[in-house]
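Q: Following is a predicted model, sequence given first.
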Amino acid sequence: MSQLLQAVIDGLLIGGVYGVISVGLSLVFGVLGIVNFAQAEFLMIGMYVAWFAWAWLGLDPILASVLSFAVGFLLGAAVQVTLVQRVMRAPHVAQIFLTVGLLAVLENGALMLFGSTFRSVQTPYQASALKLGPLFVSVPYLLAFCAAVLVSVGLWWLLARTWLGRAIRATAQNEMAARAFGINTGRIYAVALGIGTGLTAFGGAIILPYATASPAVGTQYVVLMFTVVVLGGLGSVMGALLGGLAVGIIQALSGFVLPIQLQNLAIFVVFIALLAFRPEGLIGKARS
């Protein structure tokens, strides 16, 4: 029983981070109507920003996550203005080609700039854990989870309580009506994509204390991200956060009952089953 509880705790901690990493993908689809296949590459960018902030400035990756968000936001907004805006009303195949091409450019650009070396950080709490009776809570996982919760609350407040959040939701619901009320929808699209990529970059920074940065690190998380958003409903911000927790628990429990080589098998099974039987997600609604 203690081993089962330990697996659930580990799953919840990592699942909260999965939710923040994936919520940007869901936000981008919900507002722009585009599935960004290059989303995971912004996680890689966030990890490199945090690594260089640690190596050059001595900043802890959790603190450097603010810088990672800023860089991810600016890059995402620039991508929207210069590239995505041109294909928003194009056929879906053109949008897919654009984002897949962007994925290749970002990954190979990082490979050219930084090489293929895996980079990690060293922090005082890296190997620390809190003991709660028979259970242990990893300090790096706990700090990443707390940072993810704070950002999730901040995103909820932004979308629910601010004019910008209302403008984003109005643009997502009806672009023409939003423009009629004086909302600059082009600017809102840039902000929405910037927030989406910034959140994923933020997630890359907060996992750096227990993960390694490399140009291809996005491929390790891309299936997890799509599983999270499909589970919660593509386009649902709250669904992505809840889906992240669910995927984290599924991954932890599968590692509890399956060999480590098959740890992600349950996630792939869930992903395929959702696509086959309920592509709108368990708590999401189909998008017309």
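A: Sure thing, it's come through.
Q: And the strands in the stretch 101-250 of the chain?
A: 129-132, 135-138 (DSSP state E, counting those that start in this stretch).
Q: Run through who's touching the last one.
A: By CB atoms under 8 Å, 6 or more residues apart in numbering, the surrounding residues in contact with strand 135-138 are Ser2, Leu5, Gln6, Ile9, Asp10, Leu13, Ser128, Ala129, Leu130, Tyr210. Just so you know, the C-beta spots here come from the backbone N, C-alpha and C atoms, and that holds for glycine as well.
Q: redo that, cut-off 7 Å
A: Ser2, Leu5, Gln6, Ile9, Ala129, Leu130 (CB atoms under 7 Å, 6 or more residues apart in numbering).
Q: and the gap between Leu57 and Leu63?
A: 10 Å (CB to CB, to the nearest Å).
Q: Have a look at these two and say which one is more surrounded.
A: Leu63 (15 against 10; other CB atoms under 10 Å).
Q: Poorly predicted segments of the stretch 151-288 of the chain, please.
A: Where the stretch 151-288 of the chain drops to pLDDT under 70, the residues are 260-261, 282-288.
Q: Please repeat the previous calculation with a cut-off of 90.
A: 220, 222-224, 226-227, 229-240, 242-243, 246, 250-288 (pLDDT under 90).
Q: So for stretch 85-96, what gets flagged as buried?
A: Within stretch 85-96, the residues that count as buried by 16 or more other CB atoms under 10 Å are Val87, Gln95.
Q: Give me the contact list for it.
A: Contacts for stretch 85-96 (CB under 7 Å, 6+ apart): Leu32, Ile34, Phe37, Leu98, Gly186, Tyr189.
Q: need the contact list for the last one.
A: Same thing as Tyr189. Val31, Leu32, Gln80, Gln85.
Q: Right, I'll leave it there.
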